[in-house]
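> pasting the sequence and the predicted model now:
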Amino acid sequence: MTHPILAGRGLCFATASGKRILDTVSVDIADGERLAIVGPNGAGKSTLLRLLAGMTAPASGSVSLFGRDMCAMRPVERARLVAVVGQVDQPDHRISVRDYVGLGRIPHHGRRDRPDDRAIVEAAMERTTIQSFARREMGSLSGGERQRAQIARALAQEPRILFLDEPTNHLDPRARAELMRLVAELDLTVVAVLHDLHIVPEFATAVAILDKGRLVASGPADVALARDTVRTVFGIDLLRIPHPVENRHLMVFDIPSNL
């Protein structure tokens, strides 16, 4: 593996009541990599993403970004390198899509002229194919349109790393596939918490599997998502079946009859 641009070392996190959420998790993320973080509900996926993005400080361990301690960076410095699309992003429903995407320029205020800001916002909307409804209010968008607007806002930050926390929630199958295809084609390092295992192999160059706060497997999708690991962690069987038309395999998940 090439030298990581983002590294988490021995990350631990617990709630105020002392319940341990993450237990000594270490991950390396290389430039241009697309890491999928997967695991059962309550495994600590979103907590790990928040620690890696610098949104939350670990109880112990460290996160370094380009060799610098993430916790020592000023928020505006971090925002120029890292963009996050979270599960609970709730912009004012009255704001226009164009103005919402423009919020991504806030970390760069004072560094660029306003014409440059406008060009970057327009390019982000074009990249996510939302120019046609740039004047609409955010509250009028469908789930898939809103997710693309949120990604456009993140792109307007011009980050080096994009973090996505379950970006396909509440989307239909086609919208899920289109959104993840769009993200995979971005020239960015991406860390995504994903709930649907079906979309992981087509999207991810690397996979980290969490279970009960521990990292139980990591590596390329075909290595991390080994059949025994999937059955142990998720309680389902993973079958790889040749596609009837295309030169690739399909991943089929089945609930074992003896479980």
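Cool, got the structure. Only a predicted model underlies this, so the values are computations on that prediction, with no experimental measurement involved.
> what's the end-to-end length of stretch 175-194?
14 Å (C-alpha to C-alpha, to the nearest Å).
> just stretch 200-217 next, same as before
By C-alpha to C-alpha, one end of stretch 200-217 lies 14 Å from the other end.
> same thing with stretch 161-178?
First-to-last residue span, stretch 161-178, C-alpha to C-alpha: 20 Å.
> any idea of the mean pLDDT in that stretch?
On average, the pLDDT along stretch 161-178 is 89.
> ditto for stretch 116-127
Rounded mean pLDDT across stretch 116-127 is 93.
> name the residues that touch that stretch?
Residues outside stretch 116-127 that contact it (C-beta atoms under 8 Å, 6 or more residues apart in numbering): 97-98, 101-102, 104-105, 108, 112, 131, 134, 152-153, 155-156, 158, 186. Yep, even glycine has a C-beta here, placed from its N, CA and C like the rest.
> buried residues in it, which are they?
Within stretch 116-127, the residues that count as buried by 16 or more other C-beta atoms under 10 Å are 117, 120-122, 124-125, 127.
> next one: stretch 65-78
65, 70, 73, 78.
> same deal with stretch 82-90?
For stretch 82-90, by 16+ other C-beta under 10 Å, it's 82-86.
> C-alpha coordinates for it, CSV please?
The C-alpha coordinates for stretch 82-90 follow below in CSV (Å, rounded to 0.1, in the frame of the first residue of the first chain):
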residue,chain,number,x,y,z
VAL,A,82,-12.2,17.3,4.4
ALA,A,83,-15.9,17.4,3.4
VAL,A,84,-18.6,15.4,5.2
VAL,A,85,-22.1,14.4,4.0
GLY,A,86,-23.9,13.1,7.1
GLN,A,87,-27.1,11.3,7.8
VAL,A,88,-28.8,14.2,9.5
ASP,A,89,-27.9,17.1,7.2
GLN,A,90,-31.0,19.3,7.3
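> mind listing what residue 233 touches?
39-40, 209, 211, 216-217.
> quick one: it from residue 206, how far?
To residue 206, residue 233 is 17 Å away according to C-beta to C-beta, to the nearest Å.
> going along the chain, name the strands of the stretch 51-200 of the chain.
Assigned by DSSP state E, counting those that start in this stretch, the strands in the stretch 51-200 of the chain fall at 60-65, 68-69, 82-85, 161-165, 189-193.
> quick one: closest of those to residue 34.
strand 189-193 (4.5 Å; C-beta to C-beta).
> what comes into contact with that closest one?
5-6, 29-38, 45-46, 48-49, 52-53, 160-167, 183-184, 203-204.
> and stretch 14-25, by the same measure?
8, 10-13, 44, 47-48, 51, 58-59, 61, 210, 212-215.
> just the buried ones out of the contacts of stretch 116-127, please.
97-98, 101-102, 104-105, 108, 134, 152-153, 155-156, 158.
> closest one to residue 224 out of the residues you listed, please.
residue 155 (27.8 Å).
> so how far is residue 125 from the closest one?
Taking C-beta to C-beta, one finds residue 155 at 9 Å from residue 125.
> sorry, back to before: quick one: buried ones out of the contacts of strand 189-193?
For the contacts of strand 189-193, buried by 16+ other C-beta under 10 Å: 5-6, 29-30, 33-38, 45-46, 48-49, 52-53, 160-167, 183-184, 203-204.
> okay, the residue lying closest to residue 57 once chain neighbours are set aside: pLDDT?
Ranked by C-beta to C-beta, 6 or more residues apart in numbering and with sequence neighbours excluded, the top spatial neighbour of residue 57 is residue 71, at 5.3 Å. Predicted confidence (pLDDT) for residue 71: 88.
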